[in-house]
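*Asks:* Have a look; sequence and predicted model below, questions after that.
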Amino acid sequence: MAGVAHAPTSVSFDCTNERATERLGATLAGAVQSLGDGPVLITLSGELGAGKTTLVRAILRGLGHPGTVPSPTYMLLEPYEAGGWAIAHVDCYRLQRASDLENLGLRDWLSGRRLILVEWPENAAGGLPVADVHIVIEMVADRRTIDLRGATEKGVALIALIARQAGAEG
Ligand SMILES: Nc1ncnc2c1ncn2[C@@H]1O[C@H](COP(=O)(O)OP(=O)(O)OP(=O)(O)O)[C@@H](O)[C@H]1O
Ligand SMILES: [Mg+2]
């Protein structure tokens, strides 16, 4: 249909240094806050050292978490409370069995103002609920291209908020 404006379903950022990735995390946190209600599931893909945890850390800081954010590689899940949201940082890198993921009870967790951030979703082999936003990070030296794609109605709304916010920041 001609003349109908669609909301963008994806947005891409060129983060030339770690600071830029951290700014994007802060923008994402602001968008989640603007969304007002959850649950929100976001997956983060990219090779070792791409910057997935760096981005998660910045999102948590942006939501107001003052403390450290360890990589949950050995814990599988680290829970946080910040900015009125309950947040779960999940890392599937060392996931052995999909049943380990089932035991975390993520599906039950997906209600209200809850945000789940999952690194290495590829290793979850279909054991994850449908993600609202897929983030893919590509790296060349210190440069990171970060693509965010909305995959549900809520995810697309989040992408629109991020695009608007990033536009306002210039
Ligand atoms: N533009 C950039 N954005 C993010 N991180 C960057 C950037 N440039 C360099 N880095 C460095 O890349 C590394 C990213 O590490 P991080 O732990 O966030 O990656 P990861 O994707 O979570 O890896 P893993 O798969 O092991 O969990 C850090 O050492 C960070 O300092
Ligand atoms: Mg990591």
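*Replies:* Now that the structure is in, tell me what you want to look at. Residues are numbered from 1 along each chain as shown. Ligands and ions are numbered 1, 2, ... in the order given.

*Asks:* mind listing what's buried in stretch 112-130?
*Replies:* Neighbour counts over stretch 112-130 (16 or more other Cβ atoms under 10 Å) mark 113-121, 123-124, 127-128 as buried. Every residue, glycine included, has its C-beta placed from N, CA and C.

*Asks:* Among those, which lie within strands?
*Replies:* 114-119 (DSSP state E).

*Asks:* distance of the residue in the chain that ligand 2 sits nearest to from ligand 1?
*Replies:* Residue of the chain nearest ligand 2, by Cβ to the ion: Thr53 (3.3 Å). Thr53 sits 3 Å away from ligand 1, going by Cβ to the nearest ligand atom, to the nearest Å.

*Asks:* That residue touches Val69, doesn't it?
*Replies:* Yes - applying Cβ atoms under 8 Å, one finds Thr53 in contact with Val69, separated by 7.3 Å.

*Asks:* Including distance to ligand 1 and pLDDT, could the ones in strands among the buried residues of stretch 112-130 go into TSV?
*Replies:* Shown next, in TSV, are those (distance: Cβ to the nearest ligand atom, whole Å; pLDDT from 0 to 100):
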residue	distance to ligand 1	pLDDT
Arg114	21	96
Leu115	17	97
Ile116	16	96
Leu117	11	97
Val118	11	95
Glu119	5	95
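
*Asks:* Those residues: which ones sit near ligand 2?
*Replies:* Filtering those for proximity to ligand 2 (criterion: Cβ under 5 Å from the ion) leaves Glu119.
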